[in-house]
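Student: okay, predicted coordinates and the sequence, questions at the end:
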Amino acid sequence: MEHDAYCMFENLMNGLVNGEQGVVAITDFYSLSPAPESSAGLSPVREASSAIYHLLASVDSSLHSHLVELGVEPQYFTLRWLRVLFGREFSLDNLLFIWDEIFSSPNHSYCTEIKSREDYQFKVLCSPRGALILSMAVSMMLHLRSSLLGSEHATSCLVRLLNFPDDIDLKNLIEKAKLLQYFALEKNLPSSPLTGKSPLSPTNYWEETWKTLQMSGDKRSGGPTVRMKGRGLLRRSVSNTESNGSRTKDANFENSNLTSASQSIVDEPHNTDIVPVNLMNSLPSMPTEHQKDHVGQGTAEIIRSTSNSLGWLGLRDGDYTTPVETRNRIEAAREYVSSKMRPSFPRRRNASDLDTRNAEQPCVSHDAKVLNEPDPLSVHNSRIAEPDQANDVVSNEERRDVGLLEKVIDNMKLGLHPLELYHQSVIYTVPQNHRYYYQGSRLSEYQEDIMPSAMEMHGAGIKFRTSMTNSLVDVHFRTTMLRWSRVLTMPRVTVDDSTEYLYLNLMAFERLHCCFNTHVTAYVRFMDNLIESARDVALLCSKGVLKNMLGSNQELAHLFNGTLVKGALMGKYMDMDDDNPAQPMPLKTSAKFKF
Amino acid sequence: MCPQGVRSNAGVRRLAFSLTRIRYVHKKFSQQYKATIGADFLTKEVLIEDRLVTLQIWDTAGQERFQSLGVAFYRGADCCVLVYDVNAKRSFNTLGTWHDEFINQAGPSDPNQFPFILVGNKVDLDSGSRRVVPEKKAKDWCVAKGNIPYFETSAKDDYNVDTAFLCIAKLALENEHDEDIYFHSVAEQATKTEEQTSGCAC
């Protein structure tokens, strides 16, 4: 027994696999002499540390640049993480799960035929096990993301990193690490014979991006039908993004894209309309503690997507020449790895498939809402008029995505009045053996897809600024010049005793005059989402976005959450003018989706 | 002059003895404390002459060598604290190496003026009967290195720990006063305090 334990320990420390030398040997992490593979003459543990930052930079460039800016060097904390394989960071029970994953990953180098230093960037990333270890570290850093971004000194960052919280969602953490592992293996191939030969096609590029967004919560499980639809919509979003303004034929979609809020998208090509979905969808139905991190992740994805458009790893040091070249390399690496790796790792591949689907799914609900929200009647009408060609299941699923209706029933008629449609939807009868009607939980998920409150955004590192003008449509969500942070700009609005009547009247006016836009309604809904409590009001006031003449913050919160939004609700559903493409629709009712 | 209030950058970096540090920051002492691996980081706020000073204590394990953490770890320190075990001759003998190496790595603008502090720990052990480094010897060493302050502490009994840290903070602050008032043009580096641990394994 003791003998076995010792042998296992020795093999672990020396990295032996069946008598052959593996890639990861724990003793290396204690060695002080420069690793022979290291070009910079760093010791193996320093090499691994920089690999962690390298990986972090490609998944979350803002966190990476924040840490670099503060002078938090990776070895300050990874020395401990790596040397005892996270033994200090987790309780023994949790640690065993992590070690299980690590030790079940193969430790041999996947690039047996390429030995030379030029063929990889980091030796430790050459084996799936090494990649998983480093991915685990990155996953842990991402878990602490919001608190790290909130720290302004190196020491406080390091204190957080070296006092990893106990109450963690271990499963989520490991899942994230495993997804990153795949990504890390790909990232480790700086060049391959395919470089340059694979021009980056937008679709592939974005699919790749989405794949790497797998680290999003993975909470939602999507059925295959959703996936089909998600793909389609994703493509459409992509084409919209890429062509930057050339819209597809879908009138509703086009319409909702023409808002002035999405003007910022046009101004700023890196802002894609896919982005907010992640922010939104990663939020709902999480316990408070996790919610914060989820906001963080959402932002991470935002920033990721943003940085992706400008070339991955743009912030990295001299390793890289130009973003385009980097992208080509990555793309080549992706293909290379996929050709080499997939057969030997069916399980990984499946996992990433599954998560691709999950990552795409937010698109579904988002697009469906954008499509349908302005005018459920017309959308519904078109759905009924032209039965979905793909298959019936998909179309049912799509109908269910119509966010407004409680249930969508086959053969639903348009009826006398929009209310009749809704009326039908609340008193539907359940057909026999129709499984979709029983998935109540899915519907409630969509309903929870609301914009995060001001405090949550603040916690995620989003900054608030006043716009240049006082116009209510002057709401934008942007990246700062250096892409370190995201800024939500909005007009400075003074709220006093007359505001309530003023806005109610304005909204009534918008509702009664169909040919008119609905900007005020949109703004009210936007503020309603932004403000959840008096704390949000206090925050917005301190940022100068709101000026409170009402007395208490509580009162103002109540004004937006209670009185005003009731007026806005009606406006949202009754606005029949939204599919008039001639009308510019800044902000509109779905302003919440527009940043 | 710095305004009153929280100064979070009067950083004391790195300290020696994990135990001393834990004792100081958490006001508790545990026999089971795990050895430092690599480095550890703590902050502690102290009140000095109505000013709240935040010490940023960077601690490195005794067995660690400079190259594993990198030069950046030592740069920007305001004061360096060397801690040795009065019961272990070897930990005292290596002090000189640590002192020189620190100067080497941190590269302060004026190596002779850079604030060091020497702390002899574990004076409580067996009521001092196992002591092998006499106080005189340590004080001589301090004089030779340019009159650096010397403290004898016991982290276990909480003896002198606060005093030592207060001195560290004052030293860092004094240096900064000097600089603010008189040496405006002189480098930033000299101001910073760094505490640095000696190679005592504790």
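Tutor: Sure, I can see it. Numbers count the residues shown, from 1 in each chain, chains lettered A, B, ... in the order given.
Student: excluding chain neighbours, give the residue nearest to the residue in chain B that chain A sits nearest to in space.
Tutor: Nearest residue of chain B to chain A, counting by C-beta to the nearest C-beta: residue B:38, 3.0 Å away. (Glycine included, C-beta is placed from N, CA and C.) Nearest non-adjacent residue to residue B:38, counting by C-beta to C-beta, 6 or more residues apart in numbering or on different chains: residue A:79, 3.0 Å away.
Student: quick one, helices of chain B?
Tutor: B:18-26, B:66-69, B:89-93, B:95-106, B:135-144, B:161-181 (DSSP state H).
Student: burial-wise, tell me which of the ones you listed comes out on top.
Tutor: Stretch with highest mean neighbour count among those: helix B:18-26 (a mean of 22; mean count of other C-beta atoms under 10 Å in any protein chain shown).
Student: what's the neighbour count on the residue of chain B closest to chain A?
Tutor: 25 (other C-beta atoms under 10 Å in any protein chain shown).
Student: my guess is it contacts residue B:69, does it?
Tutor: Yes. Checked against C-beta atoms under 8 Å, the pair residue B:38 and residue B:69 is within contact range at 7.2 Å.
Student: check which helix or strand covers the residue nearest to residue B:38.
Tutor: Per DSSP states H and E: residue A:79 is located in helix A:75-83.
Student: what does that helix contact?
Tutor: Helix A:75-83 is contacted from outside by A:26, A:29-30, A:45-46, A:48-49, A:52, A:88-89, A:133, A:137, A:140, A:158, A:161-162, B:37-39, B:41, B:68-70, B:73, using C-beta atoms under 8 Å, 6 or more residues apart in numbering or on different chains.
Student: returning to that earlier point: count of residues packed around the residue nearest to residue B:38?
Tutor: Neighbour count for residue A:79, taken as other C-beta under 10 Å: 24.
Student: worst mean pLDDT among the helices of chain B?
Tutor: Comparing mean pLDDT across those, the weakest is helix B:18-26, with a mean of 48.
Student: thought residue B:131 was touching residue B:87?
Tutor: Yes. Counting by C-beta under 8 Å, residue B:131 does reach residue B:87; the two are 5.8 Å apart.
Student: so what sits against both of those two?
Tutor: Here residue B:131 and residue B:87 share the contacting residues residue B:125, scored by C-beta under 8 Å, 6+ apart.
Student: just the pLDDT at the closest residue to residue B:39 other than its chain neighbours, thanks.
Tutor: Computed as C-beta to C-beta, 6+ apart, the closest residue to residue B:39 that is not its neighbour in sequence is residue B:60, at 4.8 Å. Residue B:60 is assigned 77 on the pLDDT scale.
Student: separation between residue B:60 and residue A:174?
Tutor: 31 Å (C-beta to C-beta, to the nearest Å).
Student: quick one, what contacts residue A:488?
Tutor: Contact analysis of residue A:488 by C-beta under 8 Å, 6+ apart lists A:457, A:462-465, A:475-477, A:595.
Student: of those, closest to chain B?
Tutor: residue A:463 (21.0 Å).
Student: surely the closest one and residue A:490 touch.
Tutor: No. Look at residue A:463 against residue A:490 with C-beta under 8 Å: they stay out of range, at 11.7 Å.
Student: the more surrounded of the two?
Tutor: Taking other C-beta under 10 Å, residue A:463 and residue A:490 do not tie; residue A:490 has more neighbours (24 against 15).
Student: that one contacts residue A:467, correct?
Tutor: Yes. Using C-beta under 8 Å, residue A:490 makes contact with residue A:467 at a distance of 5.8 Å.
Student: which neighbours do these two have in common?
Tutor: Common contacts of residue A:490 and residue A:467, defined by C-beta under 8 Å, 6+ apart, comprise A:474-476.
Student: can you pick the most crowded of these?
Tutor: residue A:475 (25 neighbours).
Student: may I have the phi/psi pair for the closest residue to it other than its chain neighbours?
Tutor: Ranked by C-beta to C-beta, 6+ apart and with sequence neighbours excluded, the top spatial neighbour of residue A:475 is residue A:490, at 4.7 Å. The phi and psi values for residue A:490, taken as degrees, to the nearest 10, are phi -150, psi 160.
Student: give the contact list for residue A:490.
Tutor: Shown in contact with residue A:490 (C-beta under 8 Å, 6+ apart): A:464-467, A:474-476, A:526, A:545.
Student: now tabulate these in TSV and tack on distance to residue A:150.
Tutor: TSV is the format used below for the contacts of residue A:490 (distance: C-beta to C-beta, whole Å):
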residue	distance to residue A:150
A:464	15
A:465	19
A:466	23
A:467	25
A:474	28
A:475	25
A:476	24
A:526	25
A:545	20
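Student: next step: the residues you listed restricted to strands.
Tutor: If you go by DSSP state E, those have A:464-466, A:476 in strands.
Student: pull out the buried members of those residues.
Tutor: Buried by 16 or more other C-beta atoms under 10 Å in any protein chain shown: A:464-466, A:476, out of the ones in strands among the contacts of residue A:490.
Student: make TSV out of the residues you listed and add distance to residue A:519 and pLDDT.
Tutor: Below are these laid out as TSV (distance: C-beta to C-beta, whole Å; pLDDT from 0 to 100):
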residue	distance to residue A:519	pLDDT
A:464	20	87
A:465	20	85
A:466	18	86
A:476	14	83
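Student: of the residues you listed, which are in range of chain B?
Tutor: Taking C-beta under 8 Å from any C-beta of the partner chain as the test, chain B is in contact with none of those.
Student: residue B:137: which of the residues you listed is nearest?
Tutor: Ranked by distance to residue B:137 (C-beta to C-beta), those are led by residue A:464 at 61.1 Å.
Student: which residues does the nearest residue to the closest one once chain neighbours are set aside contact?
Tutor: Among residues not flanking residue A:464 along the chain, residue A:543 sits closest, at 4.0 Å (C-beta to C-beta, 6+ apart). When contacts are counted by C-beta under 8 Å, 6+ apart, residue A:543 is found next to A:464-466.
Student: residue A:543 and residue A:525: what is the separation?
Tutor: Distance, residue A:543 to residue A:525, by C-beta to C-beta: 20 Å.
Student: what does residue A:150 give?
Tutor: According to C-beta to C-beta, residue A:150 and residue A:525 sit 29 Å apart.
Student: okay, these two: which has more neighbours?
Tutor: The residue with more neighbours, out of residue A:150 and residue A:525, is residue A:525; 27 against 18, by other C-beta under 10 Å.
Student: correct me, but the more buried one touches residue A:561?
Tutor: No. Counting by C-beta under 8 Å, residue A:525 does not reach residue A:561; the two are 11.0 Å apart.
Student: up against chain B, what does chain A have?
Tutor: Residues of chain A lying close to chain B by C-beta under 8 Å from any C-beta are A:32, A:43, A:45-46, A:71, A:73, A:75-77, A:79-80, A:83-84, A:88, A:152-156, A:158-159, A:162.
Student: list buried residues within those residues.
Tutor: In the residues of chain A next to chain B, burial by neighbour count holds for A:43, A:45-46, A:73, A:75-77, A:79-80, A:83-84, A:88, A:153-156, A:158-159, A:162, counting by 16+ other C-beta under 10 Å.
Student: so, low pLDDT: which residues of the stretch 151-300 of chain A?
Tutor: A:189-300 (pLDDT under 70).
Student: let's see that with 80 instead.
Tutor: A:186-300 (pLDDT under 80).
Student: cool, and chain A?
Tutor: Along chain A, the model assigns pLDDT under 80 to residues A:16-23, A:31-42, A:108-126, A:186-451, A:478-485, A:510-518, A:565-595.
Student: at 50 what do you get?
Tutor: For chain A, applying pLDDT under 50 flags the ranges A:113-114, A:191-211, A:214-323, A:325-326, A:329-330, A:332-333, A:336-404, A:434-448, A:571-595.
Student: what's around residue 131, how many residues?
Tutor: No chain specified, so I'll use chain A. Counted by other C-beta under 10 Å, the residues lying close to residue A:131 total 30.
Student: chain B is the one I meant
Tutor: By other C-beta under 10 Å, 18 other residues sit near residue B:131.
Student: need the contact list for it.
Tutor: Listed by C-beta under 8 Å, 6+ apart, the contact set of residue B:131 reads B:86-87, B:123, B:125.
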